[in-house]
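Peer 1: Next comes the sequence, and after it the predicted model I'd like to discuss.
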There are 2 protein chains.
Amino acid sequence: MTTKNLVAQIEKKKSFLCIGLDVDITKIPAHLLLEEDPIFSFNKAIIDATHHLAVAYKPNTAFYEAYGIKGWQSLEKTIQYLNVNYPEIFTIADAKRGDIGNTSTMYAKAFFEDLAFDSVTVAPYMGKDSVEPFLAFENKHTILLALTSNQGAFDFQVKVSEGKEIYKSVLETSTQWANAHNLMYVVGATKAEYFKEIRKIVPTSFLLVPGVGAQGGNLKDVCTYGMVDNVGLLVNSSRGIIYASNGSDFDQAAAAAALDLQSQMEVILNDR
Amino acid sequence: MTTKNLVAQIEKKKSFLCIGLDVDITKIPAHLLLEEDPIFSFNKAIIDATHHLAVAYKPNTAFYEAYGIKGWQSLEKTIQYLNVNYPEIFTIADAKRGDIGNTSTMYAKAFFEDLAFDSVTVAPYMGKDSVEPFLAFENKHTILLALTSNQGAFDFQVKVSEGKEIYKSVLETSTQWANAHNLMYVVGATKAEYFKEIRKIVPTSFLLVPGVGAQGGNLKDVCTYGMVDNVGLLVNSSRGIIYASNGSDFDQAAAAAALDLQSQMEVILNDR
């Protein structure tokens, strides 16, 4: 998907909501456990109930790999269901991959070709030649970890070297890589005050923002400091939406939680 | 597997060789493509021909994920084959995972429980709470990326903050984490002179060393600076062994290449 199409979808739906499909089988409604593929059934119901309120879905691969081949099948069915039924949706494999050159190419093939995701999250620790193989895929997007939303972000990401934090070096350096126009970045909402500085380095790039809701981030602050002309934000919510209820009304409860966030986003978009 | 058992295997086999199973279907012998699962058939033949020369096998997950469910099945069959037939072998899932706490727990379950690997490689960028969930599994080993063997290692890993390089901060900081005794580290052989400094920080930890052979590292230098009383080294070779021939003699050619490395290791071990 092109960035232009993503922006058009945001403007049409008045939403920049991404829904994280981090599906833990111990947390889904009991009646779904009777289905042949409970995780896919759960995802399908969530997607059907919320697709008009969200512009992106983000399965985290860990939650699928934990169930081995069966989990990988659930992931494959989920992305196929999205691609066939809701082709306007931007899809994100939250996989946090990254390895030496030829190996990153294999990961890129796994997520961009075999599974046909629009984007994948990638860790920057191994540098340029671990990320550029992903960037070589046109109209596919590589979402690089910059400043994550967890406590451990303060261990290495904010260490200052040559006058700037490592996460800023990641942002700056990556803009020089081949096909850098295919880059987006992960920036946690728990650190909204950082967005101002980040926008000086990447003024137009899309930022994938976890940590609104369950992790304590504030939507309004993120938009104040992070929103740009082309919106440039995808705000993710996972648990707050998909586990809004664990009864038979789970999909409608998810839709209500998604509507709550989308309504706030619509106000913000209209107030620009 | 306990570290003690790994060391015992090293002393018995006079080898600290790890064989990387980075299997690209375009590079394996043509006659295997007629098999139901060419990648597993290839791995099985390589393992049968080399198990007496190597103490560890390291499938890189990228090469399996690139083939979707079929690839994941090949990976599962490979680890099962190793665990059933060669239980003394130390197994490494070279997956370079890492995510926020509950998600890392899912990855740990995927590799330590579902697939039953002895160890998994993990990226440090997201810090303590992204790594400790892996460390919670006793007699399972978390192999943290410190200084990798690729050119991109020089982008962020060697940046100096507070008087020391980031990779040294990763080493130092990680020794303070819960269950740090379950840590090993990835240190590339292309930078043998760094081992002296690294051993000051982690004097007894096992180091997984890629980059001998195809990537230009020198075995002798690595051992001079990196070897300790309990050996503390696993030296990996992938392409140099598994693609030693692409004819019908591929397994015997792999054994010859493995023997060449093991013989050098035996001399080094005997000369201690």
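Peer 2: Great, that's in hand.
Peer 1: Need the residues that contact the helix or strand hosting A:N102.
Peer 2: Using DSSP states H and E, A:N102 sits in helix A:101-108. Contacts to helix A:101-108, defined as Cβ atoms under 8 Å, 6 or more residues apart in numbering or on different chains, come from residues A:95, A:97-99, A:120, A:122, A:129-134, A:136-137, A:140, B:22, B:24, B:60, B:62-63, B:65-66, B:150. Yep, even glycine has a C-beta here, placed from its N, CA and C like the rest.
Peer 1: Name only those of the residues you listed that count as buried.
Peer 2: When the contacts of helix A:101-108 are checked for burial by 16 or more other Cβ atoms under 10 Å in any protein chain shown, the buried set is A:95, A:97-99, A:120, A:122, A:129-134, A:137, A:140, B:22, B:24, B:60, B:62-63, B:65-66, B:150.
Peer 1: Let me know whether A:N182 touches A:E138 as I believe.
Peer 2: Yes: A:N182 lies in contact with A:E138 (Cβ atoms under 8 Å); the separation is 7.2 Å.
Peer 1: And these two? Which one has more around it.
Peer 2: A:N182 (20 against 9; other Cβ atoms under 10 Å in any protein chain shown).
Peer 1: what does the stretch 151-272 of chain A put close to chain B?
Peer 2: A:151-157, A:159-162, A:166, A:169-170, A:173 (Cβ under 8 Å from any Cβ of the partner chain).
Peer 1: again, 10 Å this time
Peer 2: A:151-162, A:164-167, A:169-170, A:173-174, A:177, A:186, A:188, A:210-211, A:215, A:238-239 (Cβ under 10 Å from any Cβ of the partner chain).
Peer 1: hey, which helix or strand in chain A has the poorest pLDDT?
Peer 2: helix A:219-226 (a mean of 93; mean pLDDT, DSSP states H and E).
Peer 1: any chance you could map the helices in chain A?
Peer 2: A:3-13, A:38-50, A:62-65, A:68-85, A:101-108, A:128-135, A:153-156, A:166-174, A:195-201, A:219-226, A:239-242, A:250-270 (DSSP state H).
Peer 1: Which residues belonging to stretch A:92-108 are considered buried?
Peer 2: Here stretch A:92-108 shows A:92-101, A:103-108 as buried, counting by 16+ other Cβ under 10 Å.
Peer 1: Just give me the least confident of the residues you listed.
Peer 2: Scanning the buried residues of stretch A:92-108 for pLDDT, the smallest score is found at A:G101, 90.
Peer 1: do you know how far that one is from B:A62?
Peer 2: 11 Å (Cβ to Cβ, to the nearest Å).
Peer 1: Around the nearest residue to A:D221 once chain neighbours are set aside, how many other residues sit close by?
Peer 2: Leaving aside its chain neighbours, A:D221 sits nearest to A:A192 (3.6 Å; criterion: Cβ to Cβ, 6 or more residues apart in numbering or on different chains). By other Cβ under 10 Å, the residues close to A:A192 number 22.
Peer 1: mind checking how far A:A192 is from chain B?
Peer 2: 18 Å (Cβ to the nearest Cβ, to the nearest Å).
Peer 1: surely that residue meets A:C223?
Peer 2: Yes: with contacts counted by Cβ atoms under 10 Å, A:A192 reaches A:C223, the gap being 9.0 Å.
Peer 1: what touches both of the two?
Peer 2: A:V209 (Cβ atoms under 10 Å, 6 or more residues apart in numbering or on different chains).
Peer 1: Deepest-packed of the helices of chain A, please.
Peer 2: Stretch with highest mean neighbour count among the helices of chain A: helix A:62-65 (a mean of 25; mean count of other Cβ atoms under 10 Å in any protein chain shown).
Peer 1: Run through the neighbouring helices and strands of that helix.
Peer 2: strand A:17-21, helix A:68-85, strand A:90-97, strand B:90-97, helix B:101-108 (3 or more Cβ pairs under 10 Å, 6 or more residues apart in numbering or on different chains; DSSP states H and E).
Peer 1: Report pLDDT for the nearest residue to A:H31 once chain neighbours are set aside.
Peer 2: Nearest non-adjacent residue to A:H31, counting by Cβ to Cβ, 6+ apart: A:S248, 6.2 Å away. pLDDT, A:S248: 96.
Peer 1: repeat for A:G213
Peer 2: 68.
Peer 1: hmm, back to that, the helix holding A:N102 relative to strand B:90-97, how many degrees between them?
Peer 2: 70 degrees (axes from the mean of the first three to the mean of the last three Cα atoms, to 10 degrees).
Peer 1: how distant is helix A:101-108 from the center of its chain?
Peer 2: Chain-centre distance of helix A:101-108: 20 Å, with Cα atoms, centre = their mean, to the nearest Å.
Peer 1: again with stretch A:134-151
Peer 2: Distance, centroid of stretch A:134-151 to centroid of chain: 9 Å (Cα atoms, centre = their mean).
Peer 1: now do stretch A:241-252
Peer 2: 21 Å.
Peer 1: Stretch A:162-181 too?
Peer 2: 20 Å.
Peer 1: same thing with stretch A:74-85?
Peer 2: 16 Å.
Peer 1: circling back: so what's the residue nearest to A:D221 up against?
Peer 2: A:209, A:211-212, A:217-226.
Peer 1: 8 Å - rerun?
Peer 2: A:G217, A:N218, A:D221, A:V222, A:T224, A:Y225, A:G226.
Peer 1: same deal with A:G232?
Peer 2: A:T204, A:S205, A:F206, A:L207, A:G226.
Peer 1: Setting aside sequence neighbours, what's the nearest residue to the third one?
Peer 2: Leaving out its chain neighbours, the residue that sits closest to A:F206 by Cβ to Cβ, 6+ apart is A:M184, at 4.2 Å.
Peer 1: low pLDDT regions in the stretch 101-250 of chain A?
Peer 2: A:213-217 (pLDDT under 70).
Peer 1: ok, 80 please
Peer 2: Applying pLDDT under 80 to the stretch 101-250 of chain A picks out residues A:190-192, A:213-217.
Peer 1: contacting residues for the residue nearest to A:Q80 when sequence neighbours are not counted?
Peer 2: Leaving aside its sequence neighbours, A:Q80 sits nearest to A:A116 (Cβ to Cβ, 6+ apart; 7.9 Å). By Cβ under 8 Å, 6+ apart, the residues touching A:A116 are A:I79, A:Q80, A:N83.
Peer 1: For the last one, which residues are in contact?
Peer 2: The contact partners of A:N83, taken as Cβ under 8 Å, 6+ apart, are A:T91, A:A116.
Peer 1: 7 Å instead, please
Peer 2: A:A116 (Cβ atoms under 7 Å, 6 or more residues apart in numbering or on different chains).
Peer 1: quick one: it and A:T121, what's the gap?
Peer 2: 19 Å.
Peer 1: Off-centre distance for stretch A:200-210?
Peer 2: Using Cα atoms, centre = their mean, the offset of stretch A:200-210 from its chain centre is 13 Å.
Peer 1: Now do the buried residues in that stretch.
Peer 2: A:I201, A:V202, A:S205, A:F206, A:L207, A:L208, A:V209, A:P210.
Peer 1: ok so, going back, got phi/psi on the residue nearest to A:H31?
Peer 2: phi -70, psi -10 (degrees, to the nearest 10).
Peer 1: What about it, how many residues nearby?
Peer 2: Count around A:S248 with other Cβ under 10 Å applied: 12.
Peer 1: Is it correct that A:N236 is in contact with A:V222?
Peer 2: No: if you go by Cβ atoms under 7 Å, A:N236 and A:V222 don't touch, sitting 11.0 Å apart.
Peer 1: so what sits against both of those two?
Peer 2: Going by Cβ under 7 Å, 6+ apart, residues that sit against A:N236 and also against A:V222 are A:V209.
Peer 1: would a markdown table of the helices of chain A with distance to B:K4 be doable?
Peer 2: Shown next, in a markdown table, are these (distance: least, Cβ to Cβ, whole Å):
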| stretch | distance to B:K4 |
| --- | --- |
| helix A:3-13 | 53 |
| helix A:38-50 | 39 |
| helix A:62-65 | 30 |
| helix A:68-85 | 30 |
| helix A:101-108 | 31 |
| helix A:128-135 | 34 |
| helix A:153-156 | 30 |
| helix A:166-174 | 37 |
| helix A:195-201 | 47 |
| helix A:219-226 | 50 |
| helix A:239-242 | 41 |
| helix A:250-270 | 48 |
